[in-house]
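Visitor: Sequence plus predicted model, see below.
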Amino acid sequence: MRSKRIIALIISVMLIVSMTACDFGSGKGSVYWLNFKPELDATLRSLADKYKEEKGVPVKIETPASGEYLQTLRDKMKSEDPPSLFVINNQDAADEWKESALDLSGTGIQDELNTSSYNFKTEENKLVAIPYCLECFGIAVNPDLLARMGFKVDDIKNFDSLKKAVETIHQNASWLGFDAFCSPDLDSGSSWRLTGHLANLEYYYEEQDSGSWKESPASITGAYLPNYKNLYDLSTTRYPRPRRSPRAVIIRRKSSPPEKPRSS
């Protein structure tokens with residue numbers, strides 16, 4: 001592999017200009033970004049065009065198929081043209097690519113960060129990766145639909161108040177025309193929300209309780225698993241069920257008043 005210093009990232013779009021300017025500030029050369037997120041491909045290509053227009057530096061965007069990023073990265077790093085920008089998501093990856101990664105310590109891009117909590121450093125204290133996108137966990141809510149049953153977002157402060165709102169909406173779903181959750185997220189394209197993101201909260205809070213994990217523990221206490229189960233059960237059972245027959249149509253007489261909402 002040709003000797004070349006690489007910038008390793010966690011995941012980001014916002015900082016591409018600063019990062020490439022740091023490596024190609026003279027306006028010469030080119031940038032090769034091995035993108036991690038297929039859904040960002042079109043956006044990154046548009047951004048690459050704008051960057052070339054403004055800085056005169058061509059930017060190549062390549063997006064491996066979903067699930068094939070790591071193998072593609074390893075293959076590319078053995079080639080004569082490894083990527084200038086690529087994605088890592090854990091400390092093991094930072095250690096794996098530390099010899100190829102540019103040390104970002106003391107650079108302008110480091111000065112742009114408002115926290116160092118998500119940076120990855122090597123044992124030699126070499127800053128090899130910085131965050132460019134942080135994912136947040138939560139429940140997306142339509143406040144207008146929530147208000148139709150007399151609830152506000154501010155009313156939901158814990159699981160009990162969430163369950164009350166969910167149960168009330170679910171019990172009146174036929175009258176409202178919608179259910180509490182739009183989908184159980186159990187299909188192959190969405191199940192990662194439950195098996196990944198929701199499950200990660202268990203690990204996050206266990207790590208907070210124990211201090212900090214340098215590596216995955218051999219076992220967990222399961223202290224927060226009841227919370228996972230409660231939310232899992234609630235979200236996978238209170239959603240619109242498909243009708244058994246696509247030809248079934250429910251017609252309400254115009255003279256009949258709508259069914260009165262039931263309280264939870």
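Guide: That came through fine.
Visitor: Can you find the helix or strand of this structure with the lowest average pLDDT?
Guide: helix 16-23 (a mean of 35; mean pLDDT, DSSP states H and E).
Visitor: The stretch 151-264 of the chain: helices as residue ranges?
Guide: Using DSSP state H, counting those that start in this stretch, the helices of the stretch 151-264 of the chain run over residues 159-171, 173-176, 192, 199-210, 225-235.
Visitor: Just give the number of residues close to the closest residue to Phe178 other than its chain neighbours.
Guide: Closest residue to Phe178 apart from its sequence neighbours, by CB to CB, 6 or more residues apart in numbering: Leu145 at 6.1 Å. In short, each C-beta sits where N, CA and C put it, glycine included. By the measure other CB atoms under 10 Å, the count of residues near Leu145 is 15.
Visitor: now swap in the one 5 residues further on and tell me
Guide: Burial measure for Gly150: 11 neighbouring residues, criterion other CB under 10 Å.
Visitor: that's a helix at it, yeah?
Guide: No - judged by DSSP: H, G, I helix; E, B strand; the rest coil, Gly150 forms no part of a helix; its state is coil.
Visitor: For the longest helix anywhere in the chain, C-alpha coordinates in CSV please.
Guide: Identified as the longest helix of the chain according to DSSP state H is helix 41-55. C-alpha atoms of helix 41-55 as CSV (Å, rounded to 0.1, in the frame of the first residue of the first chain):
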residue,chain,number,x,y,z
ASP,A,41,-25.0,9.2,-1.3
ALA,A,42,-27.0,11.8,-3.3
THR,A,43,-26.5,14.5,-0.7
LEU,A,44,-22.7,13.9,-0.5
ARG,A,45,-22.4,13.9,-4.3
SER,A,46,-24.1,17.3,-4.4
LEU,A,47,-21.9,18.6,-1.7
ALA,A,48,-18.8,17.3,-3.5
ASP,A,49,-19.9,19.2,-6.6
LYS,A,50,-20.2,22.4,-4.6
TYR,A,51,-16.9,21.9,-3.0
LYS,A,52,-15.1,21.4,-6.3
GLU,A,53,-16.8,24.6,-7.6
GLU,A,54,-15.7,26.6,-4.6
LYS,A,55,-12.3,25.1,-3.9
